[in-house]
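1. Generate a structure from the sequence data that follows.
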Amino acid sequence: MLTKRDLLRSAALTALAVTTAKSTPAIAQNKADWPRLLEAKDVAEAGFIYGLPIVMNYAVMYEYAVDRSSGQFKAPFNQIKNEPNVYTYKDTAIVTPNSDTPYSFVWLDLRTEPVVLSVPAMDPKRYYSVMLCDGNTYNYGYIGSRATGSEAGDYMVVGPGWKGDTPAGIKRVFRSSTQFSLAGYRTQLFGPDDLDNVKKVQAGYEVQMLSAYLKQTPPPAAPTIDFPKIDKELVKTNFFDYLDFALQFAPAQDNEKEIRSKLARIGVGPGKTLNFKDLPLEHKLELGFGMKEGQRKVDEAAASAGKAINGWRVSGLPGDSAHYNGDWLKRAAAAQAGIYGNDPAEATYPFTRVDSDGRTLDGSKHNYTLTFPAGQLPPVNSFWSVTMYDGKSQLLVKNPISRYLINSPMLPGMKKNEDGSLTLYIQKESPGADKEANWLPAPNDTIYLVMRLYWPKSEAPSILPAGEGSWQPPGIKRV
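-> Model (predicted):
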């Protein structure tokens, strides 16, 4: 749906027709302030790269927490929604979705007061994590097996302007750089017969406003917001309008002042509105060309991220604000490769669209194998998986056995080769009953594969540092 890569690429190919999404009066762009010839194209290009993750995040937030008729709606702000199953081909709001761990989601509105997230005691054998990701797509904190251990605890999430005290009993405080933020929970599922146990764990996840946690009178409610509708067609014409809307909830950080100043020159920012229809034709073309060039650069950056190893790209794209350090292209590439991806220390994601010889993976034309030599399975403290996606949409693939991945909890039911190695069969049709336990169904089209190493080991052999570690993913072979 609206966060697919092709959706936002189409936005770069379509000129902008912007209507205001703010409650403040429209302010006509002063033509005297408009950048010089072709300079506006460069501003639009830089602004598109800077704003792509922010607009993608807004699109998901709108579907999950605002639009009850979206088909992807989860719950209103500050209410948790536990998914009692793993993601399937029917889940389309997030590109490259994880199907290893049932999700729980809370979209946090931090405008009036902090939110307290409470987690139960966890079986140390069961991996879980709560990833905190704000509207800038910065992973600004973690709760879970790796970060905080398996003990129960209360944690407080605060907005960018919060200046209150930390109550007794709060183990840690996390600060979002934006007023709206996402808490994404991942709870490991050991197998189909383990789902009831996961539901019991999810029932222990608690979300409270700070005032409720302290049993105090809540502060006055924040103003009601008229969130602008976003869909496949609207994003084609209103990209900078959505960016303009989202930025009002994201106070500028020091490293954003330059790009925000540039955006203000084309009418994006506090107190401004881009009046596209009033612009001369050459300015309209400049913005359209700038967006197209920005998308091309994001495509290239995502495709070439990290290091090429046996046909896989191994990188450590996602992270916090300090990790990106104002590298907006790196941030955009991370969002496009898979928005809401984990930090490398939490999970590392080798991905590929090609075999070991660099040829495009295509399930309509070829069968493939992926073989892990004996004793060389992905080195993790928790578990690993290999997930199949459609090469164009980056969504899960409908298949006759409803299998979207192969992961390490499935190993007891899989067959190893005589030498102890493990071969996965990657193809659109069954490799035969004797090999079906090792079958990863492929689309009748191009293929995008993602390997996930949850809580990768830091000692050798390790995939860390991402792309430089001593363990390397084996190449995919064409049969």
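
2. For the closest residue in space to Thr371 that isn't next to it in sequence, which three-state class applies?
-> Leaving aside its chain neighbours, Thr371 sits nearest to Thr423 (4.5 Å; criterion: CB to CB, 6 or more residues apart in numbering). Where you see a C-beta, it was placed from the backbone N, CA and C, and this is true even at glycine. Following DSSP: H, G, I helix; E, B strand; the rest coil, the label given to Thr423 is strand.

3. In this structure Thr423 contacts Leu370, no?
-> Yes. Counting by CB atoms under 8 Å, Thr423 touches Leu370, with 7.1 Å between them.

4. and these two? which has more neighbours close in?
-> When Thr423 and Leu370 are compared for neighbours, Leu370 comes out ahead with 23 against 17, by other CB atoms under 10 Å.

5. Could you confirm that one falls within a helix?
-> No. Using three-state DSSP, the assignment for Leu370 is strand, not a helix.

6. how near is it to Pro378?
-> From Leu370 across to Pro378, the span is 12 Å (CB to CB, to the nearest Å).

7. can you pull the contacts of Gln369?
-> Residue 369: Thr, not Gln. Contact partners of Thr369, counting by CB atoms under 8 Å, 6 or more residues apart in numbering, are 423-426, 476-477, 479.

8. For those residues, which single residue is the most surrounded?
-> Ile426 (28 neighbours).

9. Would you mind giving the secondary structure of that one?
-> Taken by three-state DSSP, the conformation at Ile426 corresponds to strand.

10. which non-adjacent residue is nearest it?
-> Closest to Ile426 by CB to CB, 6+ apart is Tyr368, at 4.1 Å.

11. which residues touch the residue nearest to Thr371?
-> Contacts of Thr423 (CB under 8 Å, 6+ apart): 369-372, 417, 438.

12. what do you get for Ala203?
-> The neighbours of Ala203, taking CB under 8 Å, 6+ apart as the test, are Asn82.

13. Quick check: it vs Tyr64, distance?
-> Separation of Ala203 from Tyr64 (CB to CB) stands at 20 Å.

14. where does the stretch 251-400 of the chain dip in pLDDT?
-> Across the stretch 251-400 of the chain, the ranges flagged by pLDDT under 70 are 272-277.

15. Can you spell out which residues form a bridge with Val158?
-> Arg175 (DSSP bridges).

16. Tell me how many other residues surround it.
-> Counted with other CB under 10 Å, residues neighbouring Val158 total 20.

17. My guess is it contacts Arg172. True?
-> No. Contact criterion CB under 8 Å: Val158 and Arg172 do not qualify, at 11.1 Å.

18. quick revisit: and of the contacts of Thr369, the nearest to Val60?
-> Nearest to Val60, judged by CB to CB, of the contacts of Thr369 is Ile426 at 29.0 Å.

19. residue contacts, the closest one?
-> Contacts for Ile426 (CB under 8 Å, 6+ apart) come out as 361, 363, 367-370, 388, 440, 442, 447, 449, 476.

20. From those, keep the buried residues only.
-> 361, 363, 368-370, 388, 440, 442, 447, 449, 476 (16 or more other CB atoms under 10 Å).

21. Report the separation between the residue nearest to Thr371 and Thr369.
-> Remark: distance between Thr423 and Thr369 (CB to CB) = 5 Å.

22. Relative to Asn310, how far out is the residue nearest to Ile426?
-> According to CB to CB, Tyr368 and Asn310 sit 13 Å apart.

23. for the stretch 101-250 of the chain, which spans come out with low pLDDT?
-> Using pLDDT under 70, the stretch 101-250 of the chain has no residue that qualifies.

24. What segments of it are strands?
-> In the stretch 101-250 of the chain, the strands defined using DSSP state E, counting those that start in this stretch lie at 103-109, 115-119, 128-134, 139-144, 153-158, 170-175, 180-187, 206-209.

25. Contacts only, for Thr224.
-> Per CB under 8 Å, 6+ apart, neighbours of Thr224: none.

26. what number of residues lie near the nearest residue to Ser129 once chain neighbours are set aside?
-> What sits nearest to Ser129 in space, not counting adjacent residues and going by CB to CB, 6+ apart, is Gly144, at 3.4 Å. Using other CB under 10 Å, Gly144 has 21 other residues around it.

27. Now do the contacts for Gly144.
-> Counted by CB under 8 Å, 6+ apart, Gly144 has contacts 119, 127-130, 186, 346.

28. so what's Gln376 up against?
-> Contacts of Gln376 (CB under 8 Å, 6+ apart): 461, 471, 474.

29. between the residues you listed, which has the most around it?
-> Among the contacts of Gln376, Trp471 has the most neighbours (other CB under 10 Å), with 19 neighbours.

30. which residues of the chain fall in helices?
-> Remark: helices assigned in the chain by DSSP state H are 5-13, 39-61, 195-203, 210-213, 234-237, 239-247, 257-264, 281-303, 321-324, 328-338.

31. For Pro76, give me phi and psi.
-> phi -60, psi 170 (degrees, to the nearest 10).

32. isn't it right up against Met61?
-> No. Counting by CB under 8 Å, Pro76 does not reach Met61; the two are 11.6 Å apart.

33. Comparing those two, which residue is more hemmed in?
-> Met61 (21 against 13).

34. ok, Gly294 to Phe239 distance?
-> Applying CB to CB, the value for Gly294 to Phe239 is 10 Å.

35. my bad, should have said Asp134
-> Distance of Asp134 to Phe239, given as CB to CB: 20 Å.

36. Same question for stretch 309-325: list its buried residues.
-> For stretch 309-325, burial by neighbour count (16+ other CB under 10 Å) applies to 309, 311-321, 323-324.

37. Apologies, that question was intended for stretch 388-407.
-> Within stretch 388-407, the residues scored as buried using 16+ other CB under 10 Å are 388-391, 393-397, 399, 404-407.

38. before we move on, what about stretch 184-195?
-> For stretch 184-195, a neighbour-count test (16+ other CB under 10 Å) marks 184-190 as buried.

39. ditto for stretch 229-249
-> Neighbour counts over stretch 229-249 (16+ other CB under 10 Å) mark 230, 234-249 as buried.

40. can you map out the strands along the stretch 301-450 of the chain?
-> Counting by DSSP E, counting those that start in this stretch, the strands of the stretch 301-450 of the chain are 307-309, 312-314, 347-348, 351-352, 368-372, 384-390, 405-407, 422-427, 439-441, 447-454.

41. could you redo those as TSV and give each row distance to Gly149?
-> Shown next, in TSV, are the strands of the stretch 301-450 of the chain (distance: least, CB to CB, whole Å):
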stretch	distance to Gly149
strand 307-309	32
strand 312-314	28
strand 347-348	17
strand 351-352	30
strand 368-372	30
strand 384-390	21
strand 405-407	23
strand 422-427	31
strand 439-441	33
strand 447-454	16
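
42. between those strands, which gets nearest to Tyr140?
-> Proximity to Tyr140 (CB to CB) singles out strand 347-348 among the strands of the stretch 301-450 of the chain, at 16.5 Å.

43. For the closest one, report the contacting residues that lie outside it.
-> Contact with strand 347-348 is made by 314, 316, 341, 452-456, 463-464, 466, as judged by CB under 8 Å, 6+ apart.

44. would TSV of those residues with distance to Asp196 be doable?
-> Formatted as TSV, those follow (distance: CB to CB, whole Å):
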residue	distance to Asp196
Val314	36
Gly316	36
Gly341	29
Arg452	24
Leu453	27
Tyr454	22
Trp455	24
Pro456	29
Ile463	33
Leu464	35
Ala466	35
